[in-house]
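Visitor: Fold the following.
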Amino acid sequence: MARYTGPKTRIARKFGEPIFGADKTFEKKNYPPGQHGQTKKRKKTSEYGTQLMEKQKAKYTYGVLERQFENLFDKAQRNKGVTGEVLLQLLESRLDNVVYRLGIAPTRAGARQLVSHRHIVVNGHVLNIPSYSVKPGELVGVREKCKSMEVITESLSSTRKSRYSWLEWDADSMNGKFLNVPERGDIPENIKEQLIVELYSK
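Guide: Purely as a prediction, here's the structure:
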């Protein structure tokens with residue numbers, strides 16, 4: 001399956017929450033998509049359906065493909081700790097997500113594009129692998145010749161003022177430091193990771 005590039009508001013409406021960030025269209029149409037979205041009564045979702053929906057929500061939120069998600073889950077199972085929490089920590093450690101959290105890009109899709117187009121450096125070296133797992137202590141920043149790019153400067157000027165506790169940003173050097181793997185309570189995404197664990201445990 002290729003990465004989804006269709007209307008994002010439609011997907012957000014499917015899950016009933018703005019998983020891609022602030023969305024004025026979603027606010028106006030916060031009911032299921034489709035011509036009967038406003039009037040059609042939804043059938044009660046089965047336990048399996050609820051678990052599958054949660055997994056799909058996590059995939060769309062972080063922009064991860066099915067095979068990548070399965071590999072991350074396998075890795076989370078092998079690591080020490082609570083599988084669901086470790087899974088979210090692995091997703092948060094992805095380079096494209098860290099670029100987004102630092103405010104270098106306004107969306108995760110935008111962050112993934114910046115990484116793929118070689119605009120991002122890790123520890124001073126250009127890295128174009130969005131799925132790279134950033135480790136505590138590593139520096140993630142903007143490549144020197146890309147610091148004046150409009151998309152980056154605009155994102156940084158309008159970025160979220162509330163920085164994340166596991167990240168440190170230096171505006172002068174346009175570099176951020178990944179201080180530590182975030183605790184589950186610090187990750188703001190509304191994902192019920194236990195349902196994903198139950199789905200894969202079947």
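
Visitor: show me what contacts residue 68?
Guide: residue 131 (C-beta atoms under 8 Å, 6 or more residues apart in numbering). C-beta: built from backbone N, CA, C; applies to glycine.

Visitor: Flag the shaky bits of this structure, pLDDT-wise.
Guide: 1-43, 159-162 (pLDDT under 70).

Visitor: all strands in the protein, in order from the N-terminus.
Guide: Using DSSP state E, the strands found in the chain span residues 120-122, 125-126, 139-142, 167-170, 175-178.

Visitor: Using JSON lines, lay out the ones you listed together with distance to residue 156 and mean neighbour count.
Guide: Shown next, in JSON lines, are the strands of the chain (distance: least, C-beta to C-beta, whole Å; neighbours: other C-beta atoms under 10 Å):
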{"stretch": "strand 120-122", "distance to residue 156": "13", "mean neighbour count": "22"}
{"stretch": "strand 125-126", "distance to residue 156": "19", "mean neighbour count": "10"}
{"stretch": "strand 139-142", "distance to residue 156": "9", "mean neighbour count": "21"}
{"stretch": "strand 167-170", "distance to residue 156": "9", "mean neighbour count": "16"}
{"stretch": "strand 175-178", "distance to residue 156": "11", "mean neighbour count": "21"}
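
Visitor: Show me the one of those that comes nearest residue 201.
Guide: Proximity to residue 201 (C-beta to C-beta) singles out strand 175-178 among those, at 30.5 Å.

Visitor: partners of that closest one in the sheet?
Guide: strand 139-142 (antiparallel), strand 167-170 (antiparallel) (DSSP bridges).

Visitor: can you put the strands of the chain in TSV and add distance to residue 91?
Guide: As requested, the strands of the chain are arranged in TSV below (distance: least, C-beta to C-beta, whole Å):
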stretch	distance to residue 91
strand 120-122	18
strand 125-126	23
strand 139-142	16
strand 167-170	15
strand 175-178	14
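
Visitor: Pretty sure residue 111 sits against residue 94.
Guide: No. Counting by C-beta atoms under 8 Å, residue 111 stays clear of residue 94, with 9.3 Å between them.

Visitor: Overlap in contacts, these two.
Guide: residue 130.

Visitor: Now find how far off-centre the longest helix belonging to the chain is within its chain.
Guide: Using DSSP state H to define each element, the chain has its longest helix at helix 47-62. Here the centre of helix 47-62 is set off from its chain's centre by 14 Å, with C-alpha atoms, centre = their mean, to the nearest Å.
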